[in-house]
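Engineer: Would you be able to build a 3D model of this:
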Amino acid sequence: MRAIKTYVIPFMTLFLFSSCKTEPFKKEEIKSISVDSLTQEMEIMTIKNDSLLLEGNELKVSPIKEEIDDAIQMTGYLEHRRFRKETNNFTIDFCYPFLEESTNPKFKIFNQYIKNDILKIKELEKDILESQEIYCDSLSSAIKNEHRVIDYKVFIQNEKDLSVLFYLENHYANTKSSYYTFKTVNFNIKQGKLLTFEDVFDAENIDEVLDILNIEISTSIRKGDLFYECFTVSKEDFKNAKNDFIIKNNSITYYFNDCVMCPSFVGTYEIEIPLERFIPILRKDIIDNFRI
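Structural biologist: Next up, the predicted model:
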């Protein structure tokens, strides 16, 4: 097993999970809360996290983790960064993209959105601690070592439309499987504009978008494959997840949490549909931009 050099805080052991990327970006940022201001360099070994075993939800998420993204095409302005914090009760290990603002000042819009709306470190810490307060002291050992791990895939189309998929792994103590949730960010790097559902589709056509999705899901169910136990998406669920899509390879891919499109442990989290299927309800500037 290969050793990895990293900086660790005395009295605290920081294990590097294999969830975060290893592509050769410009730099990696690792932050920790310390009980001592001194740091020292030492060699530690990587470990295999139970949550990475290919069972249960791991079979569902493995196609997402294994997909090769477009990060290598953006090395001139994309940095891979990491935030890590470990306490007695939980570990937060977040990997995220950072756009170099010296290259384009408009990238600040993207970076601020990632920090304030995706990572939400303080809010996450507060939620974890508050949820643990409901347990008695006798059960404290059962709630320690919870993990929240974020990793991402990044895609670029037409050299200007950036899409990022974040997958959040929630791993609880004494469990073998993890619960996954998804968030996406779409950003036009030329205009410095974040793209939401309303920027891509005509806002009043949300039902038509859902109809196209459900027709595709129903067709996939009939064909079997990964969709054999899945079901169509409800209107209420789609309202909550309407912005959880990315644009890549002239297609729109939606990501749904467990029990929205497929039950836990089986099926898939994603469904990809060609952009041309949405032409009647796409905004004209999107049709022109993607030349469809």
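
Engineer: Now residue 124: closest residue in space, sequence neighbours ignored.
Structural biologist: residue 148 (6.1 Å; Cβ to Cβ, 6 or more residues apart in numbering). Yep, even glycine has a C-beta here, placed from its N, CA and C like the rest.

Engineer: By mean pLDDT, point me to the weakest helix or strand of this structure.
Structural biologist: strand 40-45 (a mean of 29; mean pLDDT, DSSP states H and E).

Engineer: State the next helix or strand along the chain beyond it.
Structural biologist: Heading C-terminal from strand 40-45, the first helix or strand you meet, by DSSP states H and E, is helix 57-66.

Engineer: which is the next helix or strand following that next one?
Structural biologist: strand 78-86.

Engineer: Following the chain onward from that following strand, which element is next?
Structural biologist: Following strand 78-86 toward the C-terminus (DSSP H and E): strand 90-99.

Engineer: Can you identify the element that follows that following strand toward the C-terminus?
Structural biologist: Next along the chain after strand 90-99, taking DSSP H and E as the criterion, comes helix 107-113.

Engineer: how many other residues sit next to residue 64?
Structural biologist: 18 (other Cβ atoms under 10 Å).

Engineer: Just the pLDDT for the residue nearest to it when sequence neighbours are not counted.
Structural biologist: Take residue 64 and drop its neighbours on the chain: the residue closest to it by Cβ to Cβ, 6+ apart is residue 167, 6.1 Å away. For residue 167, the model assigns a pLDDT of 95.

Engineer: Show me what the one helix or strand residue 167 maps to pairs with in its sheet, parallel or antiparallel.
Structural biologist: For residue 167, the host element (DSSP H and E) is strand 161-171. Next to strand 161-171 in the sheet, as set by DSSP bridges, lie strand 146-157 (antiparallel), strand 179-188 (antiparallel).

Engineer: With just CA atoms, put it into CSV.
Structural biologist: Only the C-alpha atoms of strand 161-171 are listed here, as CSV (Å, rounded to 0.1, in the frame of the first residue of the first chain):
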residue,chain,number,x,y,z
ASP,A,161,-20.6,26.0,-20.3
LEU,A,162,-19.3,24.5,-17.1
SER,A,163,-21.3,21.8,-15.2
VAL,A,164,-20.4,20.4,-11.9
LEU,A,165,-21.9,17.4,-10.2
PHE,A,166,-21.4,17.1,-6.4
TYR,A,167,-22.1,13.8,-4.7
LEU,A,168,-22.4,13.9,-1.0
GLU,A,169,-21.7,10.7,0.9
ASN,A,170,-23.3,10.4,4.3
HIS,A,171,-21.7,7.6,6.2
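
Engineer: Check which residues of that strand are buried.
Structural biologist: 161-169, 171 (16 or more other Cβ atoms under 10 Å).

Engineer: Okay, residue 180 and residue 280: tell me how far apart.
Structural biologist: Distance, residue 180 to residue 280, using Cβ to Cβ, to the nearest Å: 33 Å.

Engineer: Between these two, which is the more surrounded one?
Structural biologist: Ranked by neighbour count (other Cβ under 10 Å), residue 180 and residue 280 place residue 180 first, with 22 against 9.

Engineer: Any idea what that one is bridged to?
Structural biologist: residue 169.

Engineer: Thought residue 171 was touching it, still the case?
Structural biologist: No - between residue 180 and residue 171 there is no contact under Cβ atoms under 8 Å: 9.9 Å.

Engineer: wait, residue 261 sits on residue 220?
Structural biologist: No - under the criterion of Cβ under 8 Å, residue 261 is not in contact with residue 220, lying 9.9 Å apart.

Engineer: the more surrounded of those two?
Structural biologist: Set side by side, residue 261 and residue 220 show more neighbours around residue 261, with 27 against 18, by other Cβ under 10 Å.

Engineer: How about the secondary structure of the more buried one?
Structural biologist: Using DSSP: H, G, I helix; E, B strand; the rest coil, the structure places residue 261 in coil.

Engineer: and it, how far is that from residue 255?
Structural biologist: In terms of Cβ to Cβ, residue 261 sits 9 Å off from residue 255.

Engineer: Now do the shared contacts for these two.
Structural biologist: Shared contacts of residue 261 and residue 255, defined by Cβ atoms under 8 Å, 6 or more residues apart in numbering, comprise residue 269.

Engineer: Residue 81 pairs with what?
Structural biologist: residue 96.

Engineer: That one and residue 122: what is the separation?
Structural biologist: Taking Cβ to Cβ, one finds residue 81 at 17 Å from residue 122.
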